[in-house]
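Trainee: sequence first, predicted model second:
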Amino acid sequence: MINSTTAKPLRFNSDGRLKVMHITDTHLEDDNIEASVWLMANACDREKPDAVIITGDNVQNCDDSAKTKGYIDKLMNVFEARKIPVAVTFGNHDSEVGSMSREELMAYYNTYSCSISIDDGDLLSGCGTYNIPVLSSNGEKMKFNLWVFDSNDYDGKGHYGCVLADQVEWYKQKSDELTKANGEKVYSFAFQHMIVADVYDALKKSDKKRFFSYSHMYNKDDYYMFDPCKENFGTLTETPCSGYENYGQFEAMVEKGDVLAIFSGHDHTNAFGVKHKGIDICNSLSTRYNGDAFSSQCGYRILEVNEKTPSTYTSRVVHWYDMITMKDVKAAKAKGDTFGCKTAFDVKWRGTLMKSSHRFGRFWIHKLTGRKVTYKD
């Protein structure tokens, strides 16, 4: 069972570094696909990531499977053209409607040579729970690992899903196997669509509504906000929408001690991290552009690891409004890229408004909450 869910390995670059781009919640459909794909291609050309991890709610699943595949084609061609390895898992919307099951979607993603995704078949719940070994730059030893989990869609009562018991057990077994095979703990990142429910334990609880606090997903009388006394970074702008059940995934990771951080999407405007029991629980922005001011704040996350110090990493979120400048508008115009020129210009001017709003909001977050221990997204 364990070996069947191990993907083709990656490798640290010759300079001993690994750069991973986290993309999530692209929600690609007719209204946003061209602009979103243009921005993702632009981001890949700037960042030149060693791998891309896509964590669900990827494309609109249509009644016409040919149309769904067309959306996937436009997404995957961004990475295929640049020979960037890409790993995919699913969110609650990927197979909620439409003609294609999770398994059929994964099979189509895997028709692309750049895909390193795994369909775990009947071995595990969901579709898309696996690990990706990262070898040293000389290829002699495994130096890092990437866990990818399908956090499923909904439970029997219609609540958001989570990583289930058999997936947790798989992780524990695989973690032990990697430690034994390598003679030491293999540090790692974990990626999934739904944030772990343990995020609420890392936040500060309030029994009433306060400035910049948000109600619990399933207990509306409890409110949560950043704890100014704990290490945290980024922006929390909506309720963390975790699964209802909790089968011990996060506690298993605490026990094994190999996961540095767990990255999720699902909550489109949250771009934050909170350290809890030695693990960073992080949420990344939706990676799409809908053409309105709000979507100019969407973007992606970049993670970097050095093989000499695999127990540490750096993280940064790039908003579309920070990525695009007037130079990009002029460059697209010079190339005769009319669509790119329009997209870049729209992001630039709408983003100027949104960025100013965010700066104003962050000022008041500090003033009204006393939040002191804070870092960039």
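Mentor: The structure has been received and is ready for your questions.

Trainee: SS state for residue 179?
Mentor: Here residue 179 is recorded as helix under DSSP: H, G, I helix; E, B strand; the rest coil.

Trainee: check contacts around it.
Mentor: Counting by Cβ atoms under 8 Å, 6 or more residues apart in numbering, residue 179 touches 185-186, 256, 258. The C-beta positions use only the backbone N, C-alpha and C, and glycine is treated the same way.

Trainee: try it again at 6 Å.
Mentor: Counting by Cβ atoms under 6 Å, 6 or more residues apart in numbering, residue 179 touches residue 185.

Trainee: and if you look at residue 298?
Mentor: 285-286, 288, 320.

Trainee: let's see 7 Å
Mentor: 285-289, 320 (Cβ atoms under 7 Å, 6 or more residues apart in numbering).

Trainee: and for the strand or helix carrying residue 305, what are the contacting residues?
Mentor: Element membership for residue 305, per DSSP states H and E: strand 299-306. Residues outside strand 299-306 that contact it (Cβ under 7 Å, 6+ apart) are 16-23, 43, 47, 144, 189, 263, 284-285, 287, 313-320, 323.

Trainee: next SSE after that strand?
Mentor: Downstream of strand 299-306, the first helix or strand assigned by DSSP H and E is strand 314-319.

Trainee: quick one: that next one to strand 299-306, angle?
Mentor: Strand 314-319 runs at 160 degrees relative to strand 299-306, counting by axes from the mean of the first three to the mean of the last three Cα atoms, to 10 degrees.

Trainee: quick one: strands adjacent to the helix or strand harbouring residue 263?
Mentor: Per DSSP H and E: residue 263 is located in strand 259-264. Each strand paired with strand 259-264, and its direction, by DSSP bridges: strand 188-191 (parallel), strand 279-283 (parallel).

Trainee: out of the ones you listed, flag the one nearest residue 249.
Mentor: Among the strands paired with strand 259-264, the nearest to residue 249 by Cβ to Cβ is strand 188-191 (8.6 Å).

Trainee: now the next helix or strand after the closest one: mean pLDDT?
Mentor: Scanning forward in sequence from strand 188-191 by DSSP H and E, the next helix or strand is helix 199-202. The average pLDDT within helix 199-202 is 96.

Trainee: what packs against helix 199-202?
Mentor: Packing partners of helix 199-202 (3 or more Cβ pairs under 7 Å, 6 or more residues apart in numbering; DSSP states H and E): strand 271-276.

Trainee: partner strands of the strand it packs on and their direction?
Mentor: Partner strands and pairing direction for strand 271-276 (DSSP bridges) are strand 232-235 (antiparallel), strand 279-283 (antiparallel).

Trainee: between those strands, which one is closest to residue 63.
Mentor: Closest approach to residue 63 among those (Cβ to Cβ): strand 279-283, 31.4 Å.

Trainee: how far away from the center of its chain is the closest one?
Mentor: 11 Å (Cα atoms, centre = their mean, to the nearest Å).

Trainee: could I get the CA-only coordinates of that strand as CSV?
Mentor: Coordinates of each C-alpha in strand 279-283 appear next as CSV, following Å, rounded to 0.1, in the frame of the first residue of the first chain:
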residue,chain,number,x,y,z
ILE,A,279,4.0,23.1,13.0
ASP,A,280,3.0,26.1,10.9
ILE,A,281,-0.7,25.8,9.9
CYS,A,282,-0.9,28.0,6.8
ASN,A,283,-3.6,29.1,4.3
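
Trainee: please identify the most buried of the strands paired with strand 271-276.
Mentor: Mean neighbour count (mean count of other Cβ atoms under 10 Å) peaks for strand 279-283 among the strands paired with strand 271-276, with a mean of 25.

Trainee: mean confidence score for that strand?
Mentor: The model assigns strand 279-283 a mean pLDDT of 97.

Trainee: could you do stretch 52-69 as well?
Mentor: Mean per-residue pLDDT for stretch 52-69: 97.

Trainee: name the residues of that stretch that are buried.
Mentor: Residues 52-62, 67-69 are the ones in stretch 52-69 that count as buried (16 or more other Cβ atoms under 10 Å).
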